[in-house]
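1. give me the fold of what follows.
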Amino acid sequence: MISLHTIYVVTLVSQATSALVLALLAYSDRRLRGLRALAIACGLHTGAIFLMPMWRFADHWVPEAISAAFLPLIFFLIDEGLAALVQERERFSRAVMAPVGAVMLLVVAIAPWNQLWSMQVARCAGVVLMAKTVWMLWGTKRAGTRVPALITAGLLACILCTMAARIPLEPHVPASAFLLFLRKLTIAEITLLAFSFLAMQQAESNRRLHDETRHDVLTGLPNRRAMEELAAAEMRVSERTGRPLALLMMDLDSFKALNDTWGHPFGDHALRAVGEVLLREAKARNPVARLSGEEFAMLLPDHTVSAASRVAELLRAAIADLVLVQHEQSVPLTVSIGVAMRHAGESTWTEMLRRADEALYRAKLAGRNRVMVCEEENKSANAGIAEAHSGRPSERTWRSKPFEGEAAEESWPGNEARPQ
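-> Predicted structure coming up:
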């Protein structure tokens, strides 16, 4: 059977290594703030294990009191670190920190006259904090970190049960074989817990990388890569269920002229304002994305061509009503929109995107600031556009945040030969 001394040495080395690795990862990626708390927790546990042999060779309460006082702090840091990883909560919880500090002082105060009961108080506090952490991890819904969070929750639940079983046994059967087994099991479980921290860090890094490569920083919308994945999923649903699927392709009118006249910072401001409008208008099941430059797209599941045309007209009107102000000077902004439907037998959105792009090009040629439907679906959509145009509330106005920049000296250019 493995001796307790051997387990102490292995745990000491593994915890020290985990603390160093987590500290280096926290330093290399400042966005993962939870790693700092987890690195400190592993470091404190290393110190607590290092003090354990002193209990056997020195008849003094100080090493045990310090080691016991570390326990509530260790599990508090674990809770805060894991919460920062799975919930992006960056601040220490003051509501929990105050009781933890009080327990630590109580443990140190009890230790001089009763070392056993000081350890019992520390274990009880650790059990409470672990229960809180297990509940938090169990409720994690974030994709990518769900599985490692559940594994970590399972390890914490095992530690919780082991420590809870030790609390009533320590005062009565301190030398029993079963209690010795529980001590070894606790140390082994805490050692495995450090490896689960590294697994959660890797999962969270992968999730962040996945999100960043599918996110447009300027507008806050998904990018083209994310839209392609969403479109593929919606195409499969439409093919399986037979429900209609529509696509809107949007392009800001004369955007190059706007950039040349008012400057690129103001152009970025206009793109952000349009992104806000699209986010507000998009329903929960209507994915919207910025494809490139001034091009945007929106998927409309369960929308017929007439319904999609009405949505497109409302979006066109909302963007036309945007109030973009630069030094008390109003700048007009309009959008042209092309509408296309998924056809039977199509498994990718390539053809639907091509038809929507052709309809958008026709809208540009027809004078901009209008909605055009793909010619194959045009007849059934005319009524929808007319209905949306006639029923739009006249008092509705979108006002963007004012842009503070340099005033433009050039005049607003006229229509270019090539539609933009």
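2. where does pLDDT dip in this protein?
-> Scanning the chain for pLDDT under 70 picks out 1-4, 52-64, 88-95, 173-175, 284, 327, 376-420.
3. show me the domain layout of it.
-> As given by automatic domain parsing, the domain ranges for the chain are 4-212, 224-391.
4. are we agreed that Arg368 is in a helix?
-> No. Applying DSSP: H, G, I helix; E, B strand; the rest coil, one finds Arg368 to be coil, outside a helix.
5. that older thread, how about the domains of the chain, which one is nearest Leu218?
-> Comparing the domains of the chain against Leu218 with C-beta to C-beta, the closest turns out to be domain 224-391 (5.9 Å). No exception for glycine: its C-beta is placed from N, CA and C like everyone else's.
6. off-centre distance for that closest one?
-> 27 Å (C-alpha atoms, centre = their mean, to the nearest Å).
7. what of stretch 127-142?
-> From the chain centre to the centre of stretch 127-142 is a distance of 18 Å (C-alpha atoms, centre = their mean).
8. now do that stretch: everything it contacts.
-> 72, 75-76, 78-79, 82-83, 86-87, 96, 100, 146, 149-150, 152-153, 156-157, 159-160, 163-164, 167, 207 (C-beta atoms under 8 Å, 6 or more residues apart in numbering).
9. and the domains of the chain as CSV, adding distance to Leu218?
-> Below are these laid out as CSV (distance: least, C-beta to C-beta, whole Å):
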stretch, distance to Leu218
domain 4-212, 13
domain 224-391, 6
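10. just put the ones you listed in TSV and tack on mean neighbour count.
-> Shown next, in TSV, are the domains of the chain (neighbours: other C-beta atoms under 10 Å):
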stretch	mean neighbour count
domain 4-212	18
domain 224-391	19
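11. contacts only, for the closest residue to Gly293 other than its chain neighbours.
-> The shortest distance from Gly293 to any non-neighbouring residue, by C-beta to C-beta, 6 or more residues apart in numbering, is to Phe255 (7.4 Å). Shown in contact with Phe255 (C-beta under 8 Å, 6+ apart): Gly267, Ala270, Gly293, Glu294, Gln420.
12. from the residues you listed, which two are the most distant?
-> Ala270 and Gln420 (13.6 Å).
13. which residue ranges form the strands in the stretch 201-350 of the chain?
-> 245-252, 288-292, 295-301, 324-326, 329-331, 335-341 (DSSP state E, counting those that start in this stretch).
14. who wins for proximity to Leu198 among those strands?
-> Of all the strands of the stretch 201-350 of the chain, it is strand 288-292 that lies closest to Leu198, at 33.8 Å by C-beta to C-beta.
15. what helices and strands are in contact with the closest one?
-> Strand 288-292 sits against helix 224-241, helix 264-281, strand 295-301, with contacts defined as 3 or more C-beta pairs under 8 Å, 6 or more residues apart in numbering; DSSP states H and E.
16. quick check: end-to-end length of stretch 340-356?
-> End-to-end distance for stretch 340-356, by C-alpha to C-alpha, to the nearest Å: 5 Å.
17. could you dump the contacts of Phe255 into TSV with distance to Met136 added?
-> Listed next are the contacts of Phe255 as TSV, based on distance: C-beta to C-beta, whole Å:
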residue	distance to Met136
Gly267	43
Ala270	41
Gly293	42
Glu294	43
Gln420	51
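18. nearest to Asp216 among these?
-> Gly293 (11.0 Å).
19. backbone dihedrals for the closest one, please?
-> phi 50, psi -120 (degrees, to the nearest 10).
20. mind checking how far it is from Leu248?
-> From Gly293 across to Leu248, the span is 17 Å (C-beta to C-beta, to the nearest Å).
21. what of Val13?
-> Distance from Val13 to Leu248, by C-beta to C-beta: 59 Å.
22. quick revisit: between the strands of the stretch 201-350 of the chain, which gets nearest to Gly263?
-> Nearest to Gly263, of all the strands of the stretch 201-350 of the chain, is strand 324-326, at 9.1 Å by C-beta to C-beta.
23. quick check, nearest of the contacts of Phe255 to Cys124?
-> Looking across the contacts of Phe255 and measuring by C-beta to C-beta, the closest to Cys124 is Ala270, at 59.4 Å.
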